[in-house]
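Student: Have a look at this prediction, sequence included:
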Amino acid sequence: MNEVTLNNGLKMPQLGFGVWQVEDNEATKAVAKALETGYRSIDTAMIYQNEIGVGKAINDSSVSREELFITTKVWNTDHGYENTLRAFDESLERLGLDYVDLYLVHWPTPQFDEYVDTYKALEKLYHDGKVKAIGVCNFHIEHLEKILEQCTVKPVLNQIECHPFLAQNDLKDFCAKHDIFVEAWSPLQQGGEVLQLESIQTIAHTHNKTAAQVVLRWHLQNNTIVIPKSVTPARIEENFEVFDFELSAEEMEQINQLNRDERKGPDPSDMNMR
């Protein structure tokens with residue numbers, strides 16, 4: 001299992017397991033399978049409504065808490081300093097944990113302009129030792145700049161939609177310049193159109209791997225953290241088997257060239273759901 005070192009010195013698995021759109025009881029089974037397979041990083045959020053199920057799998061597992069890296073997120077309805085502190089305590093209770101490894105602001109929702117106060121609450125949680133690291137999701141460069149200007153604890157990562165059709169190169173460059181990791185949600189692209197491409201299929205055939213494994217490997221070699229989601233046991237295992245091959249520079253460039261700046265999810269500047 002590859003690990004990356006975040007800007008506060010904390011180590012984090014580069015490959016994790018996501019549970020977006022997984023129902024609570026199904027999340028328990030999926031996370032249990034992921035832990036059994038070897039995943040040690042689990043990514044959930046309040047809005048996924050499966051923190052209880054995730055927590056049950058964690059607490060039922062024979063894997064020690066110290067070996068795990070657990071991420072959750074504060075939702076848009078809980079922005080603001082006091083609201084965020086309350087929301088964190090509620091997430092911790094649902095998870096049945098004493099602390100989380102990483103707490104993230106789920107969306108900046110710039111129309112409401114409360115994300116700086118929200119992030120300052122994350123800083124308090126970090127200083128109080130309730131979380132080991134803090135970061136953000138879906139932040140554009142201008143949102144990150146505001147955090148860097150007005151807050152004191154640098155985000156360790158920015159979790160964003162990222163896949164071969166949405167490479168996010170400018171945002172990746174900005175994050176790299178400021179020692180902020182990029183973590184890809186929807187790393188295989190919602191709908192999976194990218195996996196059907198002949199170029200991806202050819203690379204997969206060359207390595208005797210699946211198209212999904214090739215795309216996950218592309219993320220890893222680009223120094224991106226990935227959190228693929230699946231509830232299918234065979235797919236959970238398949239997504240984990242990406243450390244026994246390497247893409248050539250030519251293959252990496254072939255995939256890099258697929259970028260269309262094409263989103264499947266909302267644009268963070270427009271996302272104001274509450």
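Tutor: In hand now; what should we look at? Residues are numbered from 1 along each chain as shown.
Student: contacting residues for the residue of the chain positioned farthest from its centre?
Tutor: Outermost residue of the chain with respect to the C-alpha centroid, by Cα atoms, centre = their mean, is T206; its distance is 28.8 Å. Shown in contact with T206 (Cβ atoms under 8 Å, 6 or more residues apart in numbering): E251. Glycine gets a C-beta too; all of them are placed from N, C-alpha and C.
Student: And for D244?
Tutor: With contacts defined as Cβ under 8 Å, 6+ apart, D244 has no neighbours.
Student: Need the three-state assignment for it.
Tutor: Following DSSP: H, G, I helix; E, B strand; the rest coil, the label given to D244 is coil.
Student: count of residues packed around the nearest residue to A57 once chain neighbours are set aside?
Tutor: What sits nearest to A57 in space, not counting adjacent residues and going by Cβ to Cβ, 6 or more residues apart in numbering, is V31, at 3.6 Å. Per other Cβ atoms under 10 Å, the neighbour tally for V31 reads 27.
Student: so V31 sits in a helix?
Tutor: Yes - if the criterion is three-state DSSP, then V31 is within a helix.
Student: per-residue confidence for it?
Tutor: What the model reports as pLDDT for V31 is 97.
Student: rounded to a whole number, what's the mean pLDDT of stretch 156-166?
Tutor: The predicted confidence, averaged over stretch 156-166, sits at 98.
Student: scratch that, stretch 94-105 is what I was asking about
Tutor: Taken as a whole, stretch 94-105 carries a mean pLDDT of 98.
Student: residue ranges of the helices in this protein, please?
Tutor: For the chain, the helices identified by DSSP state H occupy 24-37, 51-60, 81-95, 115-127, 141-150, 169-177, 198-207, 211-221, 233-240, 249-256, in order along the chain.
Student: Tell me which of the ones you listed sits most buried.
Tutor: Among these, helix 211-221 has the highest mean neighbour count (mean count of other Cβ atoms under 10 Å), at a mean of 23.
Student: Against which helices or strands is that one packed?
Tutor: helix 198-207, strand 225-226, helix 233-240, helix 249-256 (3 or more Cβ pairs under 8 Å, 6 or more residues apart in numbering; DSSP states H and E).
Student: burial count for P110?
Tutor: Once other Cβ under 10 Å is used to define contacts, P110 is seen to have 18 neighbours.
Student: dump the residue contacts of it.
Tutor: 143, 268-269.
Student: hmm, back to that, wait, the residue nearest to A57 sits on D43?
Tutor: No - V31 sits out of contact with D43 when judged by Cβ atoms under 8 Å, with a separation of 10.3 Å.
Student: Buried residues of stretch 7-17, list them for me.
Tutor: By neighbour count, and taking 16 or more other Cβ atoms under 10 Å as the criterion, the buried residues in stretch 7-17 are 7, 12-17.
Student: Out of those, which is nearest to Y99?
Tutor: Ranked by distance to Y99 (Cβ to Cβ), the buried residues of stretch 7-17 are led by M12 at 14.7 Å.
Student: and that closest one, what is it in contact with?
Tutor: The neighbours of M12, taking Cβ under 8 Å, 6+ apart as the test, are 3-6, 41, 69, 101-102, 133, 156, 181, 225.
Student: D60 too?
Tutor: 28, 32.
Student: Try it again at 7 Å.
Tutor: D60 makes contacts with A32, as judged by Cβ atoms under 7 Å, 6 or more residues apart in numbering.
Student: and if you look at T71?
Tutor: When contacts are counted by Cβ under 7 Å, 6+ apart, T71 is found next to 43-44, 100-102, 104.
Student: now, the most widely separated pair of the residues you listed?
Tutor: T44 and D101 (11.8 Å).
Student: of the two, who's got more company?
Tutor: Counted by other Cβ under 10 Å, T44 and D101 do not tie: T44 has more neighbours, with 28 against 20.
Student: I'd like to know how many residues surround the residue nearest to L68 when sequence neighbours are not counted.
Tutor: The shortest distance from L68 to any non-neighbouring residue, by Cβ to Cβ, 6+ apart, is to R40 (5.6 Å). Residues within reach of R40, counting by other Cβ under 10 Å, total 18.
Student: Show the model's pLDDT score for the residue farthest from the centre of the chain.
Tutor: Predicted confidence (pLDDT) for T206: 98.
Student: Cheers, nothing more for now.
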